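>>> With the input below, show me the fold.
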Amino acid sequence: MLVAPVVGQGASSARQAGPGDILGSGETIAALATAGAGTITAAMIAAGILNRTGPGGGYTDTTDTANAILLALAGNDPAMKIANGTTFRFIFRNTVAFAMTLAGGVGVLLGSSVNGTASLVREYLVSILNSTPAIILVANTTNANAIVTLQTPQPLGTITPGMLVVGTGITVGSRVAGVNIGDQTNRGGTDKIYTITLDQNGASVQTGVSLTFSPVVRFDGLREGTL
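You can find the predicted model right below:
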């Protein structure tokens, strides 16, 4: 569905934006000057544009975690939830004469064409695939089985389909396919998540292992251009 912004006119009237109206985006230019490998922090990503200086050879920059990125996008207000499916553009200005390799923090997936060529500008489309806040829970895993059993049942909404799961006994890249609620006797009249079904089978049997359930953010390279 195509949508258009609305321009306020006084206290009680508004009109649809049209020719001649300029959208105030609020973008700023963040700076990263680490001589070697660096961290692209959540605040840098939320700024919208990153100016990279410093390296004297090929280097790898790693993004912040998906959870930190979402918090920065929400203005560091944990109560504000970014809707799944939200997208925005992020611009990386590689001002040095060496190539950048992009690596993802926990919960950050990398699509195609994400590395930066020397002395060029890389534009990314950043997509919010799951925005449920990260949580670490103690659970049991089973080899060749997609079911994870929580040692402490959790309220509904704590874990949602699409979250990335990281920890011992979990196959790399596994995500939550669905959650399973305990029966009426066990949950005592309160809906709680007792087990979780993953989209891949477990890698090993583990009892009482700490698992990280993370939101998911994806970076896809769109194009490169001159500085």
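
>>> Isn't residue 212 up against residue 136?
Yes - counting by CB atoms under 8 Å, residue 212 sits close enough to residue 136 to count as a contact (5.2 Å). For glycine as for every other residue, the C-beta is placed from the backbone atoms N, C-alpha and C.

>>> Give me the domain ranges for the protein.
Using automatic domain parsing, the domain ranges for the chain come out as 26-131+216-226, 135-214.

>>> now residue 202: how far from residue 194?
Going from residue 202 to residue 194 by CB to CB, to the nearest Å gives 16 Å.

>>> Go through the protein and flag its longest helix.
helix 66-73 (DSSP state H).

>>> following the lowest-mean-pLDDT helix or strand in the chain, which helix or strand shows up next?
Lowest by mean pLDDT, DSSP states H and E among the helices and strands of the chain is helix 184-187, with a mean of 54. The helix or strand immediately downstream of helix 184-187 is strand 192-198, counting by DSSP states H and E.

>>> helix or strand right after that next one?
Next along from strand 192-198, by DSSP H and E: strand 206-214.

>>> tell me which element residue 218 is part of?
Per DSSP H and E: strand 216-226 holds residue 218.

>>> in its sheet, what does that strand sit against?
strand 108-110 (parallel), strand 120-130 (antiparallel) (DSSP bridges).

>>> Would you mind checking the average pLDDT for it?
For strand 216-226, mean pLDDT is 97.

>>> which residues sit against it?
Strand 216-226 has contacts (CB atoms under 8 Å, 6 or more residues apart in numbering) with 63, 66, 69-70, 89-90, 102, 104, 107-117, 120-130, 162-164, 175.

>>> which of residue 202 and residue 194 has more neighbours?
The residue with more neighbours, out of residue 202 and residue 194, is residue 202; 21 against 16, by other CB atoms under 10 Å.

>>> The more buried one and residue 169, how far apart?
For residue 202, the distance to residue 169 (CB to CB) stands at 5 Å.
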